[in-house]
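>>> one predicted model, sequence on top.
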Amino acid sequence: MEKTTKSFPISHVIGFFMSLLLTFGAAWVALQTSLPMNTIIWIIGSLAVTQAALQLYMFMHMNEGEDKAALTINILYAAFIAVVIVAGSIWVMFSGHSH
């Protein structure tokens, strides 16, 4: 019989505090800087993508598992689908607005 030891999930705590840091960084950039609006949007978007990658790695156990190649392909496919959906939605909204 195998023993399972429950240790303190320090990686989850680190991931949580890093996510909080990224969130508060985005709020600070949005509320406390006088940068141009396009710059603020790009910074917040970059921080959001970084936070999503951090959460996939820290909370969804992306570094664990047997078949890392299949896991990577699945993540890339999901990212591709998300980009297609967002870009398609923006395209439809802008093209519908012009008619």
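Structure's in. What do you need?
>>> by mean pLDDT, flag the weakest helix or strand of the chain.
When the helices and strands of the chain are scored by mean pLDDT, DSSP states H and E, helix 68-98 comes last with a mean of 87.
>>> any buried residues in that one, and which?
L71 (16 or more other Cβ atoms under 10 Å). Every residue, glycine included, has its C-beta placed from N, CA and C.
>>> could you chop the protein up by domain?
8-64, 66-99 (automatic domain parsing).
>>> packing partners of the least confident helix or strand of the chain?
Applying 3 or more Cβ pairs under 8 Å, 6 or more residues apart in numbering; DSSP states H and E, we find helix 68-98 packed against no helix or strand.
>>> check which helix or strand covers the most centrally placed residue in the chain.
The residue lying closest to the centre of the chain (Cα atoms, centre = their mean) is A52, at 1.4 Å. Using DSSP states H and E, the element containing A52 is helix 37-58.
>>> show residues contacting that helix.
With contact meaning Cβ atoms under 8 Å, 6 or more residues apart in numbering, helix 37-58 is reached by 11-12, 14-15, 18-19, 22-23, 25-26, 29-30, 33, 35, 62-63, 75.
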